[in-house]
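Colleague: sequence unknown, structure follows:
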């Protein structure tokens, strides 16, 4: 399957003139249909003992689309998924696309407040949840738009997922424009209130194609998706990139280094995208020489820098593996840069070169472009950049300028065009690739009884990169109680967002003249100095 990189400027979203691929699928369904047409008997999906050819997957998508349509789901309706990695997630992704509906993936690691916000903000009409996490779906009184509840397995108040197959299949797809919304992914912001990034067919098709071009993916390639499919990396770098290539998706529900390597060897995995912590765990917990990984030729990574010793050791132990840094965000539908494998060792601190169609500016605080080598805020534009946030005109106006998304990352470009990310303007923590915004955690801490002040900072970790640490001052008569604070956070936040350690202070938090907490000083006082 060819993935041409010929580009031309096109007008999209009313006022954006962006570089787009000349030859591309019309939408997400068209991308899937092309893979089915080119490889009907090719292996599409493997999960445990179950294997599906593209023709089988297409038939299953048609059946589930028929069940969704029988429940009144159609063009523009939002369908939420609350499930881990599995066949059902892939099937529903393309069943929703076939109907012209909008996918709203939710994290099974979230708690009811986050699920409630996503459901009510998106106005989802249906949710399909795994029975084991159906209990965190808010009651009907709190989700008035949610008309249909479906569960994989038995759950009170939920219809059975199997019942969706009892209706006529849908073979014909809705003729959806590429600028129409294909998915809404919720991403936390510095205000602590998640925003729904609107991913379009245009963006998904370009990002999937860019993975295929950069990694030279084709029908013979096989990937293991072990990062969450509910996140942009799992959805785009995992599902959509493999389908764009006409390749094979191997589903793994969660990461275990030994099990991952056994599966990679047995199924002849050729490419995947992981977070650096996963590569570190493979090196620490297994002997790579014990596995036949000769087919593994591309190792993408993102979410955090790859330590130099990890790059060097992987080069020694897996000389046929090309490591490629992939930098992006939910708002950019995954990558805006990809590092060519040949340059990874010599440009370890760079996140790579812009993908086809991506324009990256380095801007100062007055909105002026900076020369090579000077740091500023990275602004991104291209067909992969979302048009804005769902029902949030204020945030859209604040973060998007002339089609550029203001990333909040402080970075630079060198004279050869390589992009570097130096710091995170938005005060984000990367815990093994999971992105945690400290303001959201702090708002939860400040709601706990007796908490007067709270600051959340990153604690360096050799495996995960960073962990969440909370510095708290209490009211004078309150006794520090780590367990109570941890339990309070666990009821409101996803598990990876919760503080894993605490420091209790008697003195007020240090603040500058503007009243902002000086987190750099806190990190220095606690000895939290990263080697990255």
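Modeller: Okay, I see it. It should be emphasised that the depicted structure is a prediction, and the values quoted were computed from it without experimental measurement.

Colleague: rest of the way, CA atoms for contacts and neighbours
Modeller: OK.

Colleague: Determine the longest helix present in this structure.
Modeller: helix 54-70 (DSSP state H).

Colleague: can you give me the offset of that helix from its chain's centre?
Modeller: 25 Å (Cα atoms, centre = their mean, to the nearest Å).

Colleague: Could you do stretch 412-424 as well?
Modeller: The chain centre lies 22 Å from the centre of stretch 412-424; the measure is Cα atoms, centre = their mean.

Colleague: That one - what's its average pLDDT?
Modeller: Averaged across stretch 412-424, pLDDT comes to 89.

Colleague: thinking again about what came up before, what helices or strands is the longest helix of the chain leaning on?
Modeller: helix 28-38, strand 43-47, helix 87-98 (3 or more Cα pairs under 8 Å, 6 or more residues apart in numbering; DSSP states H and E).

Colleague: contact partners of it?
Modeller: 35-36, 39-45, 91-92, 94-96, 98-99, 163-171 (Cα atoms under 8 Å, 6 or more residues apart in numbering).

Colleague: Give me the below-cutoff pLDDT ranges for the stretch 351-500 of the chain.
Modeller: Residue ranges of the stretch 351-500 of the chain with pLDDT under 70: 423-426.

Colleague: What segments of it are helices?
Modeller: In the stretch 351-500 of the chain, the helices defined using DSSP state H, counting those that start in this stretch lie at 393-399, 438-446, 482-490.

Colleague: so what's residue 421 up against?
Modeller: 350, 351, 409, 410, 411, 412.

Colleague: Quick one: residues contacting the first one.
Modeller: For residue 350, the residues meeting the contact criterion (Cα under 8 Å, 6+ apart) are 339, 418, 419, 420, 421.

Colleague: Most neighbours of all these, which one?
Modeller: Neighbours here mean other Cα atoms under 10 Å. Within the contacts of residue 350, the largest count is held by residue 419, at 28 neighbours.

Colleague: Can you tell me the closest non-neighbouring residue to that one?
Modeller: Distances taken as Cα to Cα, 6 or more residues apart in numbering place residue 413 nearest to residue 419, at 4.5 Å, with adjacent residues excluded.

Colleague: angle of the longest helix of the chain against helix 87-98?
Modeller: If you take axes from the mean of the first three to the mean of the last three Cα atoms, to 10 degrees, helix 54-70 sits at 70 degrees to helix 87-98.

Colleague: Quick check: buried residues in helix 54-70?
Modeller: Across helix 54-70, burial judged by 16 or more other Cα atoms under 10 Å covers 54-69.

Colleague: from those residues, which two are the most distant?
Modeller: 54 and 69 (22.0 Å; Cα to Cα).

Colleague: Where does pLDDT dip in the chain?
Modeller: For the chain, the stretches flagged by pLDDT under 70 are 1-5, 188-192, 304-305, 423-426, 512-516, 530-532.

Colleague: let's see 50
Modeller: Across the chain, the ranges flagged by pLDDT under 50 are 1-3, 190-191, 531-532.

Colleague: re earlier: what sits against the residue nearest to residue 419?
Modeller: Applying Cα under 8 Å, 6+ apart, the residues near residue 413 are 362, 372, 373, 374, 419, 420.

Colleague: Pretty sure the third one sits against residue 415.
Modeller: If I follow you right, that is residue 373. Yes. The pair residue 373 / residue 415 is scored as a contact, 7.5 Å apart, by Cα atoms under 8 Å.

Colleague: So between those two, which is more surrounded?
Modeller: Neighbour comparison, residue 373 and residue 415: the larger count goes to residue 373, with 14 against 9 (by other Cα under 10 Å).

Colleague: Return the distance of the closest residue to the more buried one other than its chain neighbours relative to residue 177.
Modeller: Using Cα to Cα, 6+ apart and skipping the chain neighbours, the partner closest in space to residue 373 is residue 414 (5.2 Å). From residue 414 over to residue 177 the distance is 38 Å, taken as Cα to Cα, to the nearest Å.
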